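Novice: Below are the sequence and a predicted model; questions follow.
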Amino acid sequence: MKKSNTSTSISLWRRFTNRLMTILIVLAIILAITPLIFILVEVLIQGGSVISLAFLTHLPEPPNVAGAGIAPALVGSFTMVGLAALFSIPIGVGAGIFFSEWSSSKLASLSGFMNDVLTGFPSMVIGLFVFIIIVLTTKEQSAFAGGVALSFIMIPIIARTTSESLKLVPTTLREASMALGIPRWKTIFRVVIGTGKTGLLTGIVLAVARATGETAPLLLTAATNTHYITSLFAQPTASLTVLIYNYGTSSFASWQAQAWGAALVLIVIMLALNLFVKFIMGRSLTEARME
Amino acid sequence: MQFRVLRGDTVLKIALAAAALFIIGLLIGLAVELYLGSTATMSRFGIGFLVGTKWNSNKDLFGAFPFIYGTLLTSAIAIIVGLPISIGVAVFISERLKSHQSLGYVLGAIVDLLAAVPSVIYGLWGLLILAPLLSRYVEMPLHDLLYFIPLFSSKPTGGINFLTAGIILAIMIIPTMSAVSRDVLKAVPNSQREAMYSLGGTDWEVTQKSVLPYARSGIFGAFILGLGRAVGETMAVVMVIGNIPAVTANLFSPGYTLSALIANEFGESSGLYRSAIVEIALILFLIALIINVFARLLLWRMTRGTAVNV
């Protein structure tokens, strides 16, 4: 036993593996981030050359006609996301409060579980479902049907974030309020929601962002339209996302260029909503879910 | 007073329970409608619908196999490409940047932003930018070098094929899988790492031998959630896969998936044709249901009741 292994002599092979894996790990993060940068730059360059006031305020035109715009799609998207918010916020927040405040009940755990299952559900299937229950009944694709489809995407997100953020409210606050003789419903509205409202609002904004970017649920339920809608129930309705799909897959260069323009508008809305949640509200989803 | 207190509480509880019931009704309603909508093809083709390879609406011939195959193949490519990258990202952020938490936070936020890009924009970018690039710089060289392997046997034309669809899906599920993996690695107790370091382990040995094995069930959960997302994705895939039913090991062949078929053909369908597409949706529903239930059970057990919210 002359020279035993001291702590400094790590075998060459182990040192090599360690170095190699460090390189691969750094490579992984580069590979993960590159597409994001690539996409953002592409959308910015291609879309930026199309964007103008006219593009945002004019009606769509046939291929290669100058002065075309995406105004009906912008209005349609806002209308349908607005309708979806109207339907989904009461149900989502209500279910979320139930999951959190009656968490030991059987209904809460069963519904909470189904809610989580729905969160990751194929949105195309939800679009087809809404087509069957609404469009087949009203005989017409509409902003209403599109809004309902989007609300089914939003409800599980709102319910889950609501219940997670209300669970963070310390039980002692509830007990203090109840000890003062304040009824439970008042405790929930004033104390629990009052304390957890940032998280609740975060969930709603995230759900709105998600709905704004959805295409698949609208393809069958709202389809598209080249004009402003005059009825919520009886007219196909254009949206930014379906317009991007239709123009992007068309074979006309002018429409493809407009698809990039619409993509830039959409991505600005999405990033604004997401950055609002991440930095202005000062609480990342990751933190919220691990606390 | 007592009476009023009771009433307010009861009204609230009933209203909230109704909202919770609505969610249960939604999932059940989905299942029932899809089942009722597809009884015509179920009674006509039975189990043969799942294994049939012909899809011809003019001859009333409907087989779902090429679409199931396309969905599974693109999802498999997405996992094979995306999972190692996601684990790498998670290890980098939660292990190597442990002492630089703010940098880790920013990097994590940037990767999370990938999830904020709408799928139709991935599709647009995939169709107009990535597909031609992949075809020219990845698929052509692979074909030239390895044409004798069935995976790369046909000449890639323009990059509209299984491989491109799989790679787009990989990019889209990386944020999901890496976020869950990150959370799981964060939950590994420090004593695990300290023990390995005190035995003289290198950084990688600590990760490989004492962190990853401890976190393996959580990483499996991340894999399942990523798979669920890949299976259900529609827009990005429909734009780059070519929409031609095909059952082949050749990655450079155009294909078709369950969700892409619904997006393309449901609108103009009627009668038996429509029933066949509803059954396609039912198959997708069941695959997604199994994957999601499995993932949630796994993650619920791991985190003891608090759901991981992705």
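Specialist: Cool, got the structure. Residues are numbered from 1 along each chain as shown, chains lettered A, B, ... in the order given.
Novice: so, in contact with chain B or not, the helix or strand hosting A:Thr172?
Specialist: Under the criterion DSSP states H and E, the helix or strand holding A:Thr172 is helix A:171-179. No: Helix A:171-179 lies out of reach of chain B by Cβ under 8 Å from any Cβ of the partner chain, never closer than 10.8 Å. Bear in mind the C-beta positions are built from the backbone N, C-alpha and C, glycine included.
Novice: What mean pLDDT does that helix get?
Specialist: Average pLDDT, helix A:171-179: 92.
Novice: Also stretch A:258-269?
Specialist: Stretch A:258-269 carries an average pLDDT of 96.
Novice: what comes up buried for it?
Specialist: Neighbour-count burial for stretch A:258-269 flags A:Gln258, A:Ala259, A:Trp260, A:Gly261, A:Ala262, A:Ala263, A:Leu264, A:Val265, A:Leu266, A:Ile267, A:Ile269 (criterion: 16 or more other Cβ atoms under 10 Å in any protein chain shown).
Novice: repeat for stretch B:194-212
Specialist: Neighbour-count burial for stretch B:194-212, with 16+ other Cβ under 10 Å as criterion, is recorded at B:Met196, B:Gly201, B:Thr202, B:Asp203, B:Trp204, B:Glu205, B:Val206, B:Thr207, B:Gln208, B:Ser210, B:Val211, B:Leu212.
Novice: Adding secondary structure, distance to A:Ile25 and pLDDT as columns, could you present the residues you listed in a markdown table?
Specialist: Shown next, in a markdown table, are those (DSSP: H, G, I helix; E, B strand; the rest coil; distance: Cβ to Cβ, whole Å; pLDDT from 0 to 100):
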| residue | secondary structure | distance to A:Ile25 | pLDDT |
| --- | --- | --- | --- |
| B:Met196 | helix | 17 | 93 |
| B:Gly201 | coil | 16 | 90 |
| B:Thr202 | coil | 13 | 91 |
| B:Asp203 | helix | 9 | 92 |
| B:Trp204 | helix | 9 | 93 |
| B:Glu205 | helix | 14 | 93 |
| B:Val206 | helix | 13 | 93 |
| B:Thr207 | helix | 9 | 94 |
| B:Gln208 | helix | 11 | 93 |
| B:Ser210 | helix | 16 | 92 |
| B:Val211 | helix | 12 | 93 |
| B:Leu212 | coil | 12 | 94 |
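Novice: of all the residues you listed, which comes closest to B:Val180?
Specialist: B:Leu212 (14.1 Å; Cβ to Cβ).
Novice: For the nearest residue to the closest one once chain neighbours are set aside, give its distance to chain A.
Specialist: Distances taken as Cβ to Cβ, 6 or more residues apart in numbering or on different chains place B:Ile219 nearest to B:Leu212, at 7.2 Å, with adjacent residues excluded. Using Cβ to the nearest Cβ, to the nearest Å, we find B:Ile219 at a distance of 14 Å from chain A.
Novice: show me what contacts B:Ile219?
Specialist: B:Ile219 makes contact with B:Ile87, B:Val180, B:Ser181, B:Val184, B:Leu212, according to Cβ atoms under 8 Å, 6 or more residues apart in numbering or on different chains.
Novice: Going by distance to chain A, which of the residues you listed wins?
Specialist: Distance to chain A across those (Cβ to the nearest Cβ) is lowest for B:Ile87, with 7.6 Å.
Novice: ok, A:Ile155 touching B:Ile24?
Specialist: No: using Cβ atoms under 8 Å, A:Ile155 is not in contact with B:Ile24; the gap is 11.8 Å.
Novice: So between the two, which is more surrounded?
Specialist: Using other Cβ atoms under 10 Å in any protein chain shown as the criterion, A:Ile155 and B:Ile24 rank with A:Ile155 on top: 29 against 17.
Novice: can you tell me which residues contact the more buried one?
Specialist: By Cβ under 8 Å, 6+ apart, the contact set of A:Ile155 is A:Ser88, A:Ile91, A:Gly92, A:Ala95, A:Asn115, A:Leu118, B:Phe22, B:Ile23, B:Leu26.
Novice: where does the first one fall, helix, sheet strand or coil?
Specialist: I take that to be A:Ser88. Three-state call for A:Ser88 (DSSP: H, G, I helix; E, B strand; the rest coil): helix.
Novice: if we can go back for a sec, could you find which two of the buried residues of stretch B:194-212 are furthest from each other?
Specialist: Spatial extent of those (Cβ to Cβ) is set by the pair B:Thr202 and B:Leu212 at 14.1 Å.
Novice: residue boundaries of the helices in the stretch 151-291 of chain A?
Specialist: Here the stretch 151-291 of chain A has its helices, by DSSP state H, counting those that start in this stretch, at A:171-179, A:184-186, A:193-213, A:216-221, A:240-248, A:253-275, A:285-290.
Novice: and among these, the most buried is which?
Specialist: With neighbours defined as mean count of other Cβ atoms under 10 Å in any protein chain shown, the helices of the stretch 151-291 of chain A peak in mean count at helix A:216-221, which reaches a mean of 29.
Novice: what sits against whatever residue of chain A ends up closest to chain B?
Specialist: Chain A approaches chain B most closely through A:Ala28 (2.5 Å), counting by Cβ to the nearest Cβ. For A:Ala28, the contact set (Cβ under 8 Å, 6+ apart) comprises B:Pro84, B:Ile85, B:Ser86, B:Ile87, B:Gly88, B:Val89, B:Val91, B:Phe92.
Novice: buried ones in stretch B:138-147?
Specialist: For stretch B:138-147, the neighbour count (16+ other Cβ under 10 Å) marks B:Glu139, B:Leu142, B:His143 as buried.
Novice: can you check stretch B:257-269 too?
Specialist: Quick answer for stretch B:257-269 (16+ other Cβ under 10 Å): B:Thr257, B:Leu258, B:Ser259, B:Ala260, B:Leu261, B:Ile262, B:Ala263, B:Glu265, B:Phe266.
Novice: any weak-confidence spans in the chain?
Specialist: With no chain named, the answer covers chain A. By pLDDT under 70, the low-scoring segments of chain A are A:1-9, A:279-291.
Novice: Chain B was what I was after
Specialist: Ranges of chain B meeting pLDDT under 70: B:1-6, B:302-310.
Novice: Mind doing that once more with 80?
Specialist: Segments of chain B classed as low confidence (criterion: pLDDT under 80) are B:1-6, B:157, B:296, B:299-310.
Novice: From the centroid of chain A, which residue is nearest?
Specialist: A:Arg210 (1.5 Å; Cα atoms, centre = their mean).
Novice: contacting residues for that one?
Specialist: For A:Arg210, the contacting residues are A:Ile153, A:Met154, A:Ile157, by Cβ under 8 Å, 6+ apart.
Novice: Kindly recompute the last result at 10 Å.
Specialist: Contact partners of A:Arg210, counting by Cβ atoms under 10 Å, 6 or more residues apart in numbering or on different chains, are A:81, A:123, A:150, A:153-154, A:157-158, A:270, A:273-274, B:115-116, B:118.
Novice: looking at those residues, which has the most residues close by?
Specialist: Greatest neighbour count in the contacts of A:Arg210, by other Cβ under 10 Å, goes to A:Leu150: 34 neighbours.
Novice: what's the helix or strand containing B:Leu145 in contact with?
Specialist: Element membership for B:Leu145 (DSSP H and E) is helix B:140-146. Helix B:140-146 is contacted by residues B:134-135, B:149, B:151-156, B:159, B:163, B:250-252 when judged by Cβ under 10 Å, 6+ apart.
Novice: can you tell me which two in the residues you listed are farthest apart?
Specialist: Spatial extent of the contacts of helix B:140-146 (Cβ to Cβ) is set by the pair B:Ile149 and B:Gly159 at 18.6 Å.
Novice: Between the two, tell me which one has more neighbours.
Specialist: Set B:Ile149 next to B:Gly159 and count neighbours by other Cβ under 10 Å: B:Gly159 wins out with 25 against 13.
Novice: ok so, going back, which single one of the contacts of helix B:140-146 is nearest to chain A?
Specialist: Relative to chain A, the closest of these is B:Leu134; by Cβ to the nearest Cβ it sits at 12.0 Å.
Novice: Greatest separation within the contacts of B:Ile219: which pair is it?
Specialist: Farthest-apart pair in the contacts of B:Ile219 is B:Val180 and B:Leu212; separation 14.1 Å (Cβ to Cβ).
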